[in-house]
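Participant: Kindly return the folded structure for what I paste below:
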Amino acid sequence: MDEVIADSFTTQWQWYRDCHGYDWDPATLANCDLRKLAAPEHVQQMEDLLHRGSVFGTFEVVPGSQRALEQLSRTHDVFIATAAMEYPASCAAKFQWLQTHFPFIAPSQIVFCGDKSILNVDWLLDDNTRNFRSLAGQGVLFSAPHNGTESWTPRVSGWQEAYDFFRDQFGA
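Facilitator: From the prediction side, this is the model:
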């Protein structure tokens, strides 16, 4: 969910800027994890905010995700899986966010989990390759600021490319 359909990066980057005055240029932000750029005490403050959970309801929608997922869901079973147990207090905010921005995804097709290897899927579109290592299906890496140096195939950059990839795989 995060960094695939929910833009958590921008919210966190703006928080670091607004609360602590970080003025990172785009080149610095490319291919980087914000936690590696900020002071440890500021990283801990962000972690505390994430553990409270409500910030997950404030993320912007990743452009193109609504249209692509709505089109895919017309002919395929589309599930939203999120490793919500990393931040258990996020579940209510994430669920409400999904209901607001992706009302065509039924609640029964939303999966809150810890380890995504439990998923029995053909494809998993995710921003983190750790979720592919024990997956029964095929992982597709969704490009995000923190994974630019990751080597994984297949990889898609943005939702038009993701939609085209799945259309080519099974005639979406």
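Participant: Can you list the low-confidence ranges for the chain?
Facilitator: Segments of the chain classed as low confidence (criterion: pLDDT under 70) are 171-172.
Participant: would you list every one of the helices in it?
Facilitator: In chain order, the chain shows helices spanning 8-20, 26-29, 40-52, 65-73, 91-101, 159-170, with DSSP state H as the criterion.
Participant: Quick check: which of these is nearest to residue 79?
Facilitator: helix 65-73 (9.6 Å; CB to CB). (Each C-beta comes from the backbone N, C-alpha and C, glycine too.)
Participant: what angle sits between that closest one and helix 159-170?
Facilitator: With axes from the mean of the first three to the mean of the last three CA atoms, to 10 degrees defining the directions, helix 65-73 sits at 10 degrees from helix 159-170.
Participant: so what does helix 65-73 touch, helix or strand wise?
Facilitator: Packed against helix 65-73, as judged by 3 or more CB pairs under 8 Å, 6 or more residues apart in numbering; DSSP states H and E, are the following elements: helix 159-170.
Participant: just checking, residue 76 touches residue 169?
Facilitator: No - Residue 76 is beyond contact range of residue 169, at 10.2 Å (criterion: CB atoms under 8 Å).
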